[in-house]
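# Prediction below, plus the sequence it came from.
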Amino acid sequence: MSTLDTLGRPLRSLRLSVTDRCNLRCHYCMPEDEYVWLPREDVLTFEETVRLADLCGEMGVDRVRLTGGEPLLRRDLCSLVAQLASRPWLTDLALTTNAVLLADAAAELKTAGLGRVTVSLDTVRRDRFVKLARIDALPQVLAGIDAVRRVGFEDLKIDSVITRGDNDDELGDLLEYGRSVGAEVRFIEYMDVGGATHWRPESVFSRAEMLEQLSARYGPISQLPSPPAAPADRFSLPDGLAFGIIASTTQPFCRTCDRARLTADGVLLLCLYAQHGTDLRRPLRAGASRETLLNLLQAVWKGRADRGAEERRSVRDRSSYIPLRVLKRDAHLEMHTRGG
Ligand code: SAM
Ligand code: SF4
Ligand code: SF4
């Protein structure tokens, strides 16, 4: 029987952040000029990461997503992929990436045993990409997506964060791009997570607005069934093209959330909005036994009551969640450290 938290939720899905470094500066995630980075000596080795992942496997996790920062900046990522892919408890091994470095890595990742790739892409216009991510890298990203298809990954997804006044006029174009490369596009609402220091309620382009805009262009949209703990609601255009919406801000799905996050330095976080985590690196490096670590994990999950996005939704006069001066004191509060 898997351990359930205080709301009856099991732990099934682990997001493993392998680095807090990134080669883009997306406006909703890393808008500042300076960041405080995790000390390099604190970053877990792959052996340490796999040991902790194995414990999560014992807790009931069967899905792992590699994330960051930008996971492809982590040297020799394929070796971690290969080690994880061989775990008997794992049924789904995925990667979330900005795809800037994907063209050169795709074939090796496939050979190493990676199952699925999700690319974050918010625009298909080069000038806009520069404006939103502060680096001129759209050609590399598109080459990365081409490479993923060429080497035979199936179930490619493109995640697009839509923000008002930035790319809310591009939903149809992103869908058409997704169609052309055989990827399912998922539109994500802008969240006021740590690091989103420019977040304002009026910048959120809601699920309802997304559906309205798409039905004005394509005609009636129908909802498709989606698996119980899936964050995205799935829809279909009249011509059958499927897409998703992750309404994390206006219609959060905390009640079915079965995810935990492990930062690159071994801090376990149970919610994107969690202000504190559990340091697993210290006991691990101090030589704690498998039983001790497992008991710790079980106790932490049992006590979990997080409903971060739901709680944020009921806050009046909402502005960005964690002030910049607080973020500067603790990198663990940043979305680019916890991995999204
Ligand atoms: N660098 C990789 C990437 O962008 O795919 C992986 C890490 S990134 C933190 C993971 C996901 O978080 C991305 O899809 C990104 O768009 C999303 N994200 C970051 N900040 C966000 C915000 N404020 N609201 C909604 N999604 C956000
Ligand atoms: Fe953008 Fe991902 Fe980097 Fe954040 S971590 S700045 S979302 S590419
Ligand atoms: Fe899960 Fe927290 Fe996100 Fe809610 S806000 S879905 S509890 S990670």
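Great, that's in hand. Numbering: from 1, shown residues only. Ligands and ions are numbered 1, 2, ... in the order given.
# for this protein, what spans make up the strands?
In the chain, the segments counted as strands under DSSP state E are 13-17, 63-67, 92-97, 116-120, 157-162, 184-189, 222-224, 233-236, 242-246, 259-262, 267-269, 278-279.
# now those strands as a markdown table including mean neighbour count and mean pLDDT?
No exception for glycine: its C-beta is placed from N, CA and C like everyone else's. Shown next, in a markdown table, are the strands of the chain (neighbours: other C-beta atoms under 10 Å; pLDDT from 0 to 100):
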| stretch | mean neighbour count | mean pLDDT |
| --- | --- | --- |
| strand 13-17 | 24 | 98 |
| strand 63-67 | 23 | 98 |
| strand 92-97 | 21 | 98 |
| strand 116-120 | 22 | 98 |
| strand 157-162 | 23 | 98 |
| strand 184-189 | 23 | 98 |
| strand 222-224 | 11 | 97 |
| strand 233-236 | 18 | 97 |
| strand 242-246 | 22 | 98 |
| strand 259-262 | 24 | 98 |
| strand 267-269 | 23 | 98 |
| strand 278-279 | 17 | 98 |
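# can you put those strands in CSV and add distance to ligand 3?
Output for the strands of the chain, formatted as CSV (distance: least, C-beta to the nearest ligand atom, whole Å):
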stretch, distance to ligand 3
strand 13-17, 9
strand 63-67, 13
strand 92-97, 15
strand 116-120, 16
strand 157-162, 15
strand 184-189, 12
strand 222-224, 20
strand 233-236, 14
strand 242-246, 10
strand 259-262, 6
strand 267-269, 9
strand 278-279, 15
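# in stretch 293-307, what's buried?
Leu293, Leu294, Leu296, Leu297, Gln298, Val300, Trp301, Arg304, Asp306, Arg307 (16 or more other C-beta atoms under 10 Å).
# Is that stretch positioned near ligand 3?
Yes - using C-beta under 6 Å from any ligand atom, stretch 293-307 comes into contact with ligand 3 via Asp306, Arg307.
# before we move on, the earlier item: among the buried residues of stretch 293-307, which are located in helices?
Leu293, Leu294, Leu296, Leu297, Gln298, Val300, Trp301 (DSSP state H).
# need those residues in TSV with pLDDT, can you?
What follows is those, written out as TSV (pLDDT from 0 to 100):
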residue	pLDDT
Leu293	98
Leu294	98
Leu296	98
Leu297	98
Gln298	97
Val300	98
Trp301	98
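# will you turn these into TSV that also has distance to Leu138?
Formatted as TSV, those follow (distance: C-beta to C-beta, whole Å):
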residue	distance to Leu138
Leu293	43
Leu294	45
Leu296	44
Leu297	41
Gln298	45
Val300	41
Trp301	40
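# With respect to Cys257, which of these is nearest?
Trp301 (12.0 Å; C-beta to C-beta).
# What is the least confident helix or strand in this protein?
Least confident helix or strand, the chain: helix 324-327 with a mean of 92, by mean pLDDT, DSSP states H and E.
# can you tell if it touches ligand 1?
No - shown here: helix 324-327 not in contact with ligand 1 (C-beta under 6 Å from any ligand atom), separated by at least 12.8 Å.
# Nice, that's everything, thank you.
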